[in-house]
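Q: Got a predicted structure plus its sequence, pasted below:
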Amino acid sequence: MSILLENLRLKESIYLLSHSFLSLQGPDVESYLNSQMTNDVLALKEGQFQQNALLEISGKIISSFLLLKESKESFYIICPDNFLDITLNRIEKYHISEDFEVEKKEIKAFLALNSDKKGYLGHYFFEKDKILLDYDGDFKSQDEDFRSLKCLTGVTQLGEEASPGELINNTIFNELSVDYKKGCFPGQETVSKINTRRGAAFYPVMLKSKIKPSIDKIIKEEKKIGEILNFSKINDHYFSYAVINRENRVENISITDDSKITYELFYYPYLKPDPKSLAIDLYDYGMECFYKEDNDQAIKYFLKAIEIDTQFEDAYESLGVLYGRLDNFEKAIEVMEKLKGLNPKCMMAYTNLSLYHMKLGNIDVAEDFKSQATLLNFELLGDEAERKRQAKEIEDKKRAERERRESMFNQVLELDAEDAMANNGLGEIELEKLNFESAVKHFEQAILTDVKYSVAYLGLGKSLFQLNRADDAVKILEKGIKIASKNGDLMPANEMQRLLVKLNS
């Protein structure tokens with residue numbers, strides 16, 4: 001994780017994206033772009049950018065790009081240089097009476113990561129990335145770090161990991177560039193139908209392997225199950241940007257191809273884009289340094305985590321404890337006071353404040369914090385009693401609802417004892433009630449009635465696991481994952497895979 005943090009997520013990096021861009025100016029430009037593009041242009045604020053795309057009526061990609069908003073009457077489009085004319089021609093194709101002008105500008109566009117430079121703010125690899133137009137400082141070509149970021153976040157470029165003429169549903173642009181709630185745009189009906197049904201037959205995921213892959217088809221049992229489009233080596237592993245078919249697209253599954261390379265499969269983004277996830281990564285690495293007694297590095301990462309997430313209580317507590325271990329009690333007290341301000345019911349804040357003031361000889365202050373800790377403990381015990389009361393109330397409501405469902409399913413089974421939905425429903429209820437033998441019978445009947453009823457395999461696997469029938473559970477889960485993946489039922493497929501990993505560990 002340290003290399004990712006140091007090289008990819010913390011240091012300022014500026015990359016050249018394009019040598020030119022389109023300028024769109026005029027009073028009708030915002031409404032026209034919103035009618036033509038896949039993302040919600042009206043949601044874009046001044047000084048921001050978003051991923052966007054133009055499609056054919058069939059849902060295939062014509063162009064994908066970054067859209068920058070200067071004002072309601074001023075926008076810019078950044079895309080790879082070799083797709084600029086295609087984008088311009090598509091915009092002008094339906095530009096008839098709307099009052100705006102489109103012009104090519106020969107000005108370089110840059111992506112800035114972890115930068116305090118002034119630019120258009122948005123989500124490229126991470127939140128708060130920036131696009132710079134007027135910049136003449138140092139920058140990088142799209143180097144190995146850039147490739148690593150693409151492979152780890154899933155963010156792709158047109159002409160590399162995705163191509164014009166592909167259905168947008170089959171690319172990561174389906175997540176980055178399409179707002180399915182915004183209303184009509186050319187191709188909207190087609191892509192919405194695909195999205196609400198089984199989804200893409202092949203779709204991007206990240207594959208992790210110890211052996212270097214090839215940018216080529218992935219063949220398993222003499223059949224193509226996917227294709228690697230890009231990869232990057234980080235530490236001792238290779239991280240590949242790949243498209244995988246529906247049957248094998250289950251998170252955390254292991255795939256061994258005919259060339260004997262074994263891949264672990266992860267959904268994008270593997271490297272999470274939001275600041276809170278970065279703060280957690282920094283905190284985790286800080287804890288690693290803490291256990292290794294690399295105190296300077298631990299302090300550095302705790303402080304950085306707090307800078308990114310100012311409400312991160314665990315980071316404050318760990319930082320304060322570390323200062324205390326280093327006998328820097330003034331700093332420790334300062335941090336614990338901040339923690340107490342964040343959470344007035346944090347017992348560790350009062351306990352440590354008492355301890356550190358005692359170390360400094362502030363006996364009266366230490367005793368006062370000790371008394372506050374005692375009072376807080378009584379208060380928390382009262383809160384716990386209220387929590388238990390509320391939990392009982394919730395459990396009573398769940399029990400009533402469970403009884404209602406049980407009655408309904410039994411009525412169905414009186415009419416048809418083999419009904420798959422009713423048997424599965426009763427199986428889930430028996431599982432909730434910890435009646436695992438009875439649950440098994442209902443799930444088995446559901447599968448016997450409908451061999452493709454994927455959620456019944458999940459329930460049966462859980463029940464067998466609880467009965468310590470691990471071998472039977474593994475067989476059912478493996479079969480269920482294949483059926484669920486083929487059906488496009490990825491939620492039960494992923495849950496079965498997680499249980500399978502637990503059983504095999």
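A: Happy to help now that I have it.
Q: Mind giving me the packing neighbours of whichever helix or strand F302 is part of?
A: Using DSSP states H and E, F302 sits in helix 295-308. Judged by 3 or more C-beta pairs under 8 Å, 6 or more residues apart in numbering; DSSP states H and E, helix 295-308 is in contact with helix 275-291, helix 313-325. All C-beta spots, glycine's among them, are computed from the backbone N, C-alpha and C.
Q: between it and helix 275-291, how many degrees?
A: Here helix 295-308 points in a direction 160 degrees away from that of helix 275-291 (axes from the mean of the first three to the mean of the last three C-alpha atoms, to 10 degrees).
Q: Not counting its own residues, what contacts helix 295-308?
A: If you take C-beta atoms under 8 Å, 6 or more residues apart in numbering as the criterion, helix 295-308 is touched by 5, 10, 275-276, 278-280, 282-283, 285-287, 289-290, 312, 315-316, 318-319, 322-323, 325-326.
Q: ok, how many other residues are close to the nearest residue to S18 once chain neighbours are set aside?
A: Of all residues not flanking S18 in the chain, A109 sits nearest, at 4.6 Å (C-beta to C-beta, 6 or more residues apart in numbering). By the criterion of other C-beta atoms under 10 Å, A109 has 24 neighbours.
Q: Tell me which residues touch A109, please.
A: Counted by C-beta under 8 Å, 6+ apart, A109 has contacts L16, L17, S18, S20, F21, L66, I78, I131, L132, L133.
Q: give me that answer again for 7 Å
A: L17, S18, F21, I78, I131, L133 (C-beta atoms under 7 Å, 6 or more residues apart in numbering).
Q: Quickly note the distance from the first one to F83.
A: Remark: distance between L17 and F83 (C-beta to C-beta, to the nearest Å) = 12 Å.
Q: next one: the fifth one
A: Taking C-beta to C-beta as the measure, I131 and F83 are separated by 17 Å.
Q: sorry, back to before: mind putting the helices and strands packed on helix 295-308 in JSON lines, mean pLDDT and distance to N245 included?
A: Output for these, formatted as JSON lines (pLDDT from 0 to 100; distance: least, C-beta to C-beta, whole Å):
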{"stretch": "helix 275-291", "mean pLDDT": "91", "distance to N245": "29"}
{"stretch": "helix 313-325", "mean pLDDT": "96", "distance to N245": "40"}
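Q: and L499, which of the ones you listed is closest to it?
A: Across those, L499 has its closest neighbour in helix 275-291 (24.8 Å, C-beta to C-beta).
Q: how big is the angle separating the closest one from helix 313-325?
A: 30 degrees.
Q: export helix 275-291 as CSV, just CAs?
A: The C-alpha coordinates for helix 275-291 follow below in CSV (Å, rounded to 0.1, in the frame of the first residue of the first chain):
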residue,chain,number,x,y,z
PRO,A,275,-11.4,11.1,0.2
LYS,A,276,-12.7,9.0,3.1
SER,A,277,-11.3,5.9,1.6
LEU,A,278,-8.0,7.6,1.1
ALA,A,279,-8.0,8.7,4.8
ILE,A,280,-8.7,5.0,5.8
ASP,A,281,-5.8,3.8,3.6
LEU,A,282,-3.5,6.5,5.2
TYR,A,283,-4.7,5.5,8.7
ASP,A,284,-4.1,1.8,8.0
TYR,A,285,-0.6,2.5,6.8
GLY,A,286,0.0,4.7,9.8
MET,A,287,-1.0,1.8,12.1
GLU,A,288,1.5,-0.5,10.2
CYS,A,289,4.2,2.1,10.9
PHE,A,290,3.0,2.4,14.5
TYR,A,291,3.4,-1.4,15.1
